[in-house]
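> Curious how this folds, go ahead:
(one chain, ligands or ions: 1)
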Amino acid sequence: MPNPQFPVARKYRAVLRAARMLTETTRHLEWEVVGGGPFDFIAGQFVSMTLQRDGDEHTRAYSISSAPRPDARFDLCLNRVPGGLFSNFLCDVEPGTEIDFTGPHGFFVVRRPLERALVFIATGTGIAPMRGMLAELFTPGADLDREVWLLFGVRHPETILYREEFDQLAAQHRHFHFVPTLSRAPADWPGERGHVQPLLRRLFAGRSDLDAYICGLKEMVDDVRRILKEDFGLDRRQIHYEKYD
Ligand SMILES: Cc1cc2nc3c(=O)[nH]c(=O)nc-3n(C[C@H](O)[C@H](O)[C@H](O)COP(=O)(O)OP(=O)(O)OC[C@H]3O[C@@H](n4cnc5c(N)ncnc54)[C@H](O)[C@@H]3O)c2cc1C
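Numbering: from 1, shown residues only. You can find the predicted model right below:
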């Protein structure tokens, strides 16, 4: 039974308009929907892309890493997985290439009304849906009076995806706090070190007035969910997540 609050998933065709490497292994892609009609989605949802190879059809899920915008475009942010079929195709594909996809899928979206402080917790390309959600929350002119935190775990400083964008957002909005944390920080790194789990405990211990949004690989997501439920006492309705495997 379709949920009336979410757009119905359909088949579409998109063309790659632009792409750039964010790191040695992570690519940002901008697609324009050119077939199937207007593509409606809510920031945080994902698409399921299709590739024909050797007579077989392959599909993979990718979070949309942008907010809805009027030009029929949406972004993806993806990692090249060694030996991976789809991610290698998408990391090498040239602008002008067309692809079929279905969507939007999923329920990983910011729940409204906003009742509590929002804490986004991401690792690696788990940042993708958060980038869209944050762009939607901080649409120009939006007068957001909630605290919004982004805890972002990566290994090295140069792999802090979209770092300039988040720094700029933090400079523009006093309620937004961007906290990258590095698991392999160089000696001169002035910021947070280690994984997102201890950072979460340190910043929010004792607080249950939070709505949490978690995205990344399964192990991190499960661990953070457990901390929020068992240690912080959050109700499961305050915890939203997307797992990438
Ligand atoms: C809802 C959802 C949203 C997703 N959004 C994104 C996104 O925004 N960006 C993104 O980069 N990925 C995302 N993924 C993961 C994506 O769907 C693919 O699994 C990933 O691109 C690997 O596909 P592949 O065909 O290259 O690898 P496959 O050919 O399917 O797998 C090759 C090998 O790599 C392993 N593997 C698969 N995925 C990973 C991984 N992520 N890290 C390490 N090893 C892996 C597999 O176990 C296998 O051994 C999402 C997954 C889900 C379920």
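
> Pull up the residues of this protein that are close to the ligand.
For the chain, the contact set with the ligand under CB under 6 Å from any ligand atom comprises 46, 60-63, 77-79, 81, 83-88, 125, 128, 242, 244-245. The way it works is simple: take the backbone N, C-alpha and C, and place the C-beta from them, glycine included.

> For stretch 205-220, the averaged confidence score.
For stretch 205-220, the mean pLDDT works out to 95.

> Can you point out the buried residues in that stretch?
Buried residues in stretch 205-220, counting neighbours by 16 or more other CB atoms under 10 Å, are found at Leu210, Asp211, Ala212, Tyr213, Ile214, Cys215, Gly216, Met220.

> and what of stretch 44-57?
Buried, per 16+ other CB under 10 Å, within stretch 44-57: Gly44, Gln45, Phe46, Val47, Ser48, Met49, Thr50, Leu51.

> ranges for the helices of this structure?
For the chain, the helices defined by DSSP state H occupy 85-92, 127-137, 163-172, 196-204, 218-226.

> Pick the most buried one from these.
Neighbour counts (mean count of other CB atoms under 10 Å) averaged over each of the helices of the chain peak at helix 127-137, with a mean of 25.

> and that helix, what other elements does it pack with?
Where contact means 3 or more CB pairs under 8 Å, 6 or more residues apart in numbering; DSSP states H and E, helix 127-137 is packed against strand 56-63, strand 73-79, strand 117-123, strand 148-154, helix 163-172, strand 210-216.

> what angle do the second one and strand 56-63 make?
Read that as strand 73-79. Counting by axes from the mean of the first three to the mean of the last three CA atoms, to 10 degrees, strand 73-79 points 100 degrees away from the direction of strand 56-63.

> Check the offset of strand 73-79 from the chain's centre.
Here the centre of strand 73-79 is set off from its chain's centre by 9 Å, with CA atoms, centre = their mean, to the nearest Å.

> Outside of that strand itself, list whatever touches it.
Under the contact criterion CB atoms under 8 Å, 6 or more residues apart in numbering, strand 73-79 has outside partners 14, 17, 22, 25-33, 39, 41, 47, 62-66, 68, 87, 90-91, 124-125, 127-128, 131-132, 161-162.

> Only the buried subset of the residues you listed, as a ChimeraX command please.
Of the contacts of strand 73-79, the buried ones go into a single ChimeraX selection, burial set by 16+ other CB under 10 Å:
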select :14,22,25,26,27,28,29,30,31,32,33,39,41,47,62,63,64,65,66,68,87,90,91,124,125,127,128,131,132,161,162
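
> Now stretch 202-215 - C-alpha only, PDB.
Taking C-alpha atoms only, stretch 202-215 is exported to PDB below (Å, rounded to 0.1, in the frame of the first residue of the first chain):
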ATOM      1  CA  ARG A 202      30.900  12.800  24.300                       C
ATOM      2  CA  LEU A 203      28.800  15.500  22.700                       C
ATOM      3  CA  PHE A 204      25.300  14.300  23.600                       C
ATOM      4  CA  ALA A 205      25.600  12.000  26.700                       C
ATOM      5  CA  GLY A 206      22.500  12.300  28.900                       C
ATOM      6  CA  ARG A 207      20.400  13.900  26.200                       C
ATOM      7  CA  SER A 208      17.300  12.300  24.900                       C
ATOM      8  CA  ASP A 209      15.800  15.400  23.300                       C
ATOM      9  CA  LEU A 210      17.200  14.500  19.900                       C
ATOM     10  CA  ASP A 211      16.000  13.100  16.500                       C
ATOM     11  CA  ALA A 212      18.800  11.100  15.000                       C
ATOM     12  CA  TYR A 213      19.500  10.300  11.300                       C
ATOM     13  CA  ILE A 214      22.200   7.700  10.600                       C
ATOM     14  CA  CYS A 215      23.600   6.600   7.300                       C
END
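
> Looking at this structure, which residue is nearest the ligand?
Of all residues in the chain, Gly84 sits closest to the ligand, at 2.2 Å by CB to the nearest ligand atom.
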